[in-house]
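>>> The sequence and its predicted three-dimensional model are supplied below.
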Amino acid sequence: MQWSAMLFLGAFHGINPGMGWLFAVALGMQQGSSRGVWRALPPLAVGHAASVGAVLLAAALAQTVIPIAILRPTVSITLVAFGLFHLVRHRHPRWVGMQVGFGDLTVWSFLMASAHGAGLMILPFVMRATPGAMAMSTHHAHQMSADAPGWVPLAAVTVHSLAYLGITTLVAWIVYRKLGLALLRKAWWNLDLMWAASLVGTGLLTFFL
Amino acid sequence: MPLLKPDPTFYPSPKMAMQAPQEKLAYVALINPTKNGRSDAIGVVDTDPDSSGYGRLVEQVDMPQAGDELHHFGWNACSSCLCPYAPHPHMERRYLVVPGINSSRIHILDTKPDPRRPKLVKTIEAQELAKRTNYASPHTVHCGPEGIYVSALGAPDGGGPGGTFIMDPETFDVIGPWELDRGPQQLAYDIWWHLGYDTMVSSSWGTPNMVKDGVNPEMLLAGKYGHTLNMWNLRERRHVQELDLGAEQQMVLELRPAHDPTRTYGFLGVVVSLKDLSASVWTWYRQNDGNNGGGKWAVKKVIEIPAEPADPKLLPPFLQGFKAVPPFITDINLSLDDKFLYVSCWGTGEFIQYDVSDPLHPKKIASVRLGGIVSRAAHPAKPRQPLNGGPQMVEASRDGRRVYFTNSLYTPWDEQFYPDGIRSWMVKLDVNPAGGMALDPKFLLEFEGMRSHQVRLGGGDASSDSYCYA
């Protein structure tokens, strides 16, 4: 478990305009008030945390029945395939609607994070597996994961989501208050490509480490 | 391959889009009015004042088959790609989606690598459209949140209902009909929206059978052409409110919602009133303006342009009994700052600029005459040559400094009102930012044999893009 990786990936997700800060800024502009920005932040964080948490929970459950020696390469291959798919076809979830309340925004954030594989990206860092685990007997690995403290994935989601929220808040506030949206035209690098590359990279890392 | 940075022609807000560079070229739909087996085309017009070809047709891309009746067209992608809920800013504004309302074929033209020489890359046949959507006569094209939205005048058998369908902006596959619940809506024509309020607006003309053989006088006098405006929930794809302008208001055509996504009003043009042959512009607006989405919509007539008395000898048979020439408002266009509304009166030949800063109280500030059923007003470039047809499809540049218009309406209707045969032209006006406009004496483009219809400006214009940020 690398806490710095959790923080870094939280920030990486937060800085992506497609993950929420831009929506918060737009809602502030639409409502003509910074309250629109502030109100958007909690549901964005809740939705993001729920998406990431769901993936970690699924993996934790899987770990109790599937040997880690099989699970790790499975996660690795899933990450690479997901990343490659995103490189080839940059589909995004269909969503129409600026008139959104707390529930809508939570669902939106959940969908966006899930579709972009936010939880998958951090999974390898949370999966309790040392390099040696691969070589160990499946029984042993199983035993080790079962022994892993239950609070670790929960703490990982919390740290990750706080980092996400921090960066989302910071960027939304700076853009809404200071920079304005003209910067979108210049600085909106194609993070989808970088994101897809990150998925592939993390997948390969998981496989070879 | 997606772009690494956003398409430079995408702008977050209409205000920023007004800083866009001047258009270097314009695309114009060219219709072959004869039944000689030659096809319609998309023309490319040089609009760069520093170019030696300024004001001239530099390219003509023929459609693969004859009989399309090109009408309106649009882009695969635009500034709505920057919308926050599903941003895909690295799409390219690259392909023109060009439907034929007669053939129901949809052509996809690639404007890259050479914007001056677009290439046809795909044709969607009428059968495909019918199979996927049960619609025919595709008309208005808008790039929007779920892809390319296209309105359709009716069903494959030429009857109703008309509606809206969606196309994939990358593969150009026809996905299917858009609406889940159309309520009482039957007739269709134009569509547009208030993206900030998840609201779509649609207008009503007539089914393909009602329009393809010309204006049907019996249907017209019985008030059978469209006289309603329909409001939709864009998100839930459902009809929410019908606004009836009254059966005497015949043919509700172009819709121009405020570009500012925080505003809740827009303008629509009505071709003719059965009461006195006047034409009108109406403002739709949301009552109890607020942000909760619960307000009802209302519509109010804000401009009425009377018919002009005329010597019956100068009128086509269709109008002789009325001894007057109706204005026939066939198109309107709203500048990106929501300040000026341009109104085409295809019958009288008048082209009017209104200040609509107060949307319920427009002020007429300037007017020019060109063509017209009776007036046949000439252009300053050729002051002794009478022109026919009248101001029709109008397009304003993003910075609001230039306005272009063409003079033909729709082949079967052209013959009824200009039976001598429309000789087609396209002109440009220079606009004073404070108000006022003048015809550019260097820009009178006359088309040989073809009739010009909608104009789209390179990089976008005042009716091609929608915005999610104020």
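That came through, no problem. All values derive from a computational prediction rather than experimental measurement.

>>> what's near enough to touch residue 181?
As the question left the chain open, I've gone with chain A. A:Val25, A:Val175, B:Pro12, B:Ser13, B:Met16, B:Tyr469 (CB atoms under 8 Å, 6 or more residues apart in numbering or on different chains). Using the backbone N, CA and C atoms, a C-beta is placed for each residue, glycine as well.

>>> that answer is for a different chain, and I need it for chain B
B:Arg237, B:Arg238, B:His239.

>>> give me every residue that touches the first one.
If I follow you right, that is B:Arg237. B:Trp178, B:Glu179, B:Leu180, B:Asp181.

>>> Could I get the pLDDT score of it?
For B:Arg237, the pLDDT comes out at 96.

>>> With A:Arg128 instead?
pLDDT, read off for A:Arg128, is 56.

>>> Secondary structure of A:His86: a strand, I assume?
No: A:His86 is assigned helix when assessed by DSSP: H, G, I helix; E, B strand; the rest coil, not a strand.

>>> pretty sure it is touching A:Trp195, no?
Yes: the criterion here is CB atoms under 8 Å, and A:His86 meets it with A:Trp195 at 6.8 Å.

>>> intersection of neighbour lists for the two?
A:His116.

>>> How about A:Leu41, nearest residue that isn't a chain neighbour?
A:Thr169 (5.6 Å; CB to CB, 6 or more residues apart in numbering or on different chains).

>>> Do a quick rundown of the helices in the chain.
I went with chain A, as the question did not name one. Secondary structure of chain A, counting by DSSP state H: helices at A:3-15, A:21-31, A:34-65, A:68-88, A:102-115, A:118-126, A:138-147, A:151-174, A:182-187, A:191-208.

>>> Chain B was what I was after
With helices called from DSSP H, chain B shows them at B:14-17, B:126-133, B:208-211, B:217-221, B:317-320, B:411-417.

>>> closest to B:Glu218 among the contacts of A:Leu181?
For these, the minimum distance to B:Glu218 (CB to CB) is 47.7 Å, reached by B:Ser13.

>>> so what's the closest residue to the closest one other than its chain neighbours up against?
Distances taken as CB to CB, 6+ apart put B:Tyr469 closest to B:Ser13, at 4.6 Å, once the chain neighbours are dropped. By CB under 8 Å, 6+ apart, the contact set of B:Tyr469 is A:Val25, A:Ala26, A:Met29, A:Leu181, B:Pro12, B:Ser13, B:Leu82, B:Pro261.

>>> at 7 Å instead, please
Contact analysis of B:Tyr469 by CB atoms under 7 Å, 6 or more residues apart in numbering or on different chains lists A:Ala26, A:Met29, A:Leu181, B:Pro12, B:Ser13, B:Pro261.

>>> what's the spacing between the closest residue to A:Ser51 other than its chain neighbours and chain B?
Leaving aside its sequence neighbours, A:Ser51 sits nearest to A:Ala113 (CB to CB, 6+ apart; 3.7 Å). As for A:Ala113, its distance to chain B is 14 Å (criterion: CB to the nearest CB, to the nearest Å).

>>> can you pull the pLDDT of the residue nearest to A:Leu41?
A:Thr169 is given a pLDDT of 97.

>>> That one: how many residues sit nearby?
20 (other CB atoms under 10 Å in any protein chain shown).

>>> Give me the distance between it and B:Cys468.
As judged by CB to CB, to the nearest Å, A:Thr169 and B:Cys468 stand 21 Å apart.

>>> Also A:Lys186?
Distance from A:Lys186 to B:Cys468, by CB to CB: 18 Å.

>>> How about B:Ala438?
Here B:Ala438 is placed at a distance of 35 Å from B:Cys468 (CB to CB).

>>> Tell me which of these two has more neighbours.
Between B:Ala438 and B:Cys468, B:Cys468 has the larger neighbour count (other CB under 10 Å), namely 25 against 12.

>>> now that one, nearest residue through space, not along the chain?
Using CB to CB, 6+ apart, the closest residue to B:Cys468 is B:Cys83 (3.9 Å).

>>> By pLDDT, give me the weakest of the contacts of B:Tyr469.
A:Leu181 (88).

>>> before we move on, the earlier item: let me have the contacts of B:Tyr469 in JSON lines, adding distance to A:Tyr164 as columns.
Formatted as JSON lines, the contacts of B:Tyr469 follow (distance: CB to CB, whole Å):
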{"residue": "A:Ala26", "distance to A:Tyr164": "18"}
{"residue": "A:Met29", "distance to A:Tyr164": "22"}
{"residue": "A:Leu181", "distance to A:Tyr164": "21"}
{"residue": "B:Pro12", "distance to A:Tyr164": "23"}
{"residue": "B:Ser13", "distance to A:Tyr164": "27"}
{"residue": "B:Pro261", "distance to A:Tyr164": "27"}
